[in-house]
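# Here is my input, please return the structure:
(2 chains)
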2 protein chains.
Amino acid sequence: MNLSEMSKEQLISFKNETEALYNDFKAQGLCLNMSRGNPCKEQLDLSLDMLNVFDDGKFMSESGNDVRNYGLLDGIPEAKEFFSDMIGVNNDEIIIFGNSSLNAMYFAVQLAYNKGVLGGTPWSQSGKLKFLCPVPGYDRHFKVTEFFGFEMINIPMTPTGPDMDMIEKLVAEDDSIKGIWCVPQYSNPQGISYSDETVKRFAALKPAAKDFRIFWDNAYCIHHLTESPKPILNILDEAKKVGNEDIVYIFGSTSKITFPGAGVAVMGASKRNIDDLKKALGISIISYDKMNQFRHVKYFGTFANMCEHMKKHMNIIAPKFKLVCDVLKKEIAPLGIGSWTEPEGGYFISFDAMNGCAKRIVQLCSEAGVTLTGAGATFPYGIDPDDKNIRIAPTYPPIEDLAKALELFVICVKLASAEKMLSE
Amino acid sequence: MNLSEMSKEQLISFKNETEALYNDFKAQGLCLNMSRGNPCKEQLDLSLDMLNVFDDGKFMSESGNDVRNYGLLDGIPEAKEFFSDMIGVNNDEIIIFGNSSLNAMYFAVQLAYNKGVLGGTPWSQSGKLKFLCPVPGYDRHFKVTEFFGFEMINIPMTPTGPDMDMIEKLVAEDDSIKGIWCVPQYSNPQGISYSDETVKRFAALKPAAKDFRIFWDNAYCIHHLTESPKPILNILDEAKKVGNEDIVYIFGSTSKITFPGAGVAVMGASKRNIDDLKKALGISIISYDKMNQFRHVKYFGTFANMCEHMKKHMNIIAPKFKLVCDVLKKEIAPLGIGSWTEPEGGYFISFDAMNGCAKRIVQLCSEAGVTLTGAGATFPYGIDPDDKNIRIAPTYPPIEDLAKALELFVICVKLASAEKMLSE
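Just a heads-up that it's a prediction; the model follows:
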């Protein structure tokens, strides 16, 4: 029975029953963490053979550089060749960074802030600064622009990507808007992939600010949860078609392909952008870890092999996503107190509770020993205007633990919803 | 015979003979690079066993974190314990970075520039900015402060360190001076180690700018070229004694201990500084490469073992330093056309030619196939006011090649000196 159809008495009795279940759970003293999109141990074990690739004693890059030594600021040529396939750019349109694409994004933002884009005025001297943030989105993106003092503007997501009408209108009118955060494939947290039309409209954006950049964080580009994934359009190709290739910075990494703590992050962009970025990058570092770059290239050999490798990840985590969706469908759907996404890739399931319930649900879970991503984290400044969105990260716990955590989660959703309805 | 004592005729004949030797050399078509302080292949091979430390299949840090996964922003506890010994700080006074201490220094400068130090006014909003630069010094240090628009002030080096009278006076008077670059042990390029008095005076500095920081790049802290090295004082300890512990940022790395391209860099400072830096660091990255941190700790085990390991480096490179000094002593000393340092550690020999000759010597070498560090590189803005300093980096070439390059070098010094004297 839908909760909204219950009488007050039925609601009270529902709440009391749920509360009893909740208290039983609390007594179990659980301690589970579902707060971040961490791969599980089985996933980490998939790439262990990568640690042996130097058994051949070969450290020379085809460039003639020993990867163990200094040099090659923007990466070894083998890594540029390999990763340009992953993010869909040419070999001269890429920089190989360290282990963190977030760090590459921070670098790009601080550089534009301090020194401008392609010789333009530094953002720090451009007066008021604004950034567009499709919501719900990735908290660590928002933290970067918050850190640099941007006013962040929420852009609603649709099933085909962010609201493009709104974006086109805003950027055309307001030259204080300097960029937008995008996770175009399997968006964090909803798992939405941008439609061809959305990518084309992004590629053709004509912002008032000439130094506007799309931060295209393609973190989950090959992180499918289905045997027949639907590719998204290549934004740099589309931008080139309309003479707009400087508008986008593309990011990617192997954090969820090999090791989150020891992967390789990359950035792609037009050659003009890359050349400009490299000049500044050379002030801050001599080279990133080229042994780890070579390790990745030697291990996978080809991009096709890396895609094949991703199927092993899928086999481990797809059942966890299915479990979440099954439990929600069984326990929450009939009550009409929540909606969620069923992503075909990525790392998250986005759950929308009744308005005003997300914080309470996360608090209830936490008090019973299950840590979720903080409510509000998926919005700029940590403020979800409807207090409804919760990001579920199902990959890390063993499936039995996940089942246990979900059992608690649905109890907390029910309890918070009943509390809310009774208070109104 | 000293060149200054030669008659014009003698000088002309000296120049002609030298020129003939030079032209013979040029005809050999050499191609040697002595421009950077790169370890040689034999040195890179010393740490190869480090690549096998995960054969035990153990990836769990004592913190309970799998080093392959996300987390531990400031490093695994094992690495903090290990590296705090290297740079002389406590375990809570250190951040473990990626593979580049230069990158850590850039981070610290850009952070102070954008957000201030310990909650103070951002340097970018503090009006005129100045930075003290002991000269000759490290070009990459100077590039960072040049990039952020600092006026750089040359501070002469003395055999006991930078001119402390000048530094004390300047920082006391001028609150636009925000910091100083120091390589306290085996300075780059002179190989000078700061005396106890110098370290104490640094530790006790009372700058007008409360956000003044000493950038103490202890890059060569265990990189000795003698069996009985003289330790320098611990600046953080000395600063604590006088209640001044926030004044210094300490940097170090294993770039010249294990692999330049894949080492571990660290930063030490007072707990107050570290806590402040960590907050901002967490905006830019989730964690650095913890597998590489663990690789280093597992391989060496103890700091004492790492010091022992450095003797193997010494055995490889000390003969190269000796060769340079021997050749200069034999070929240059009698002519009175140059002076140089005989360092007890580090990576460089600093050669001072006659005033106005450094650029010409580097050019002559280059045209005959030997690349040296650009003349002027050891000074801010690349401007050596006397055009006399050349940084010699003897570690990289095989010793036969080094001997060949030195043969050319002394010919170029002689030729440039004779040209100079004849033109006056």
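# Got the phi and psi for the closest residue to residue A:254 other than its chain neighbours?
Distances taken as CB to CB, 6 or more residues apart in numbering or on different chains place residue A:263 nearest to residue A:254, at 3.8 Å, with adjacent residues excluded. In short, each C-beta sits where N, CA and C put it, glycine included. When read as degrees, to the nearest 10, the backbone of residue A:263 gives phi -90, psi -170.
# Please enumerate the helices of the stretch 51-200 of chain A.
Along the stretch 51-200 of chain A, counting by DSSP state H, counting those that start in this stretch, helices occupy A:77-87, A:101-115, A:139-147, A:164-173, A:196-203.
# ok and the fourth one relative to helix A:196-203, angle-wise?
When you say that, I think you mean helix A:164-173. 10 degrees (axes from the mean of the first three to the mean of the last three CA atoms, to 10 degrees).
# Which other helices and strands does helix A:164-173 contact?
strand A:130-135, strand A:151-158, strand A:177-182, helix A:196-203 (3 or more CB pairs under 8 Å, 6 or more residues apart in numbering or on different chains; DSSP states H and E).
# quick check: mean pLDDT across it?
Helix A:164-173 carries an average pLDDT of 98.
# and what of the first one?
Taken as a whole, helix A:77-87 has an average pLDDT of 98.
# one step back: just the helices and strands packed on helix A:164-173: most buried one?
strand A:177-182 (a mean of 26; mean count of other CB atoms under 10 Å in any protein chain shown).
# quick one: that one to chain centroid distance?
Centroid separation between strand A:177-182 and its chain, computed with CA atoms, centre = their mean, to the nearest Å, is 15 Å.
# Equivalent analysis for stretch A:363-382, please.
Taking the mean of its C-alpha atoms, stretch A:363-382 sits 17 Å from the chain's own mean (CA atoms, centre = their mean).
# cool, stretch A:403-422 as well?
For stretch A:403-422, the distance to the chain centre is 26 Å (CA atoms, centre = their mean).
# Next, the closest residue to residue A:375 other than its chain neighbours: phi, psi?
Setting aside the residues directly before and after it, residue A:375 is nearest to residue A:358 in space (CB to CB, 6+ apart), at 3.8 Å. The phi/psi pair for residue A:358 (degrees, to the nearest 10) reads phi -60, psi -50.
# So the residue nearest to residue A:254 sits against residue A:253, correct?
Yes - look at residue A:263 against residue A:253 with CB atoms under 8 Å: they come within range, at 5.3 Å.
# Save the helices and strands packed on helix A:164-173 as TSV, and put in mean pLDDT and distance to residue B:14 too.
Below are the helices and strands packed on helix A:164-173 laid out as TSV (pLDDT from 0 to 100; distance: least, CB to CB, whole Å):
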stretch	mean pLDDT	distance to residue B:14
strand A:130-135	98	67
strand A:151-158	98	71
strand A:177-182	98	63
helix A:196-203	98	68
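# The lowest-mean-pLDDT helix or strand in chain A: what's the following helix or strand?
In chain A, no helix or strand scores lower on mean pLDDT, DSSP states H and E than strand A:32-34, which sits at a mean of 87. Downstream of strand A:32-34, the next assigned helix or strand under DSSP states H and E is helix A:41-45.
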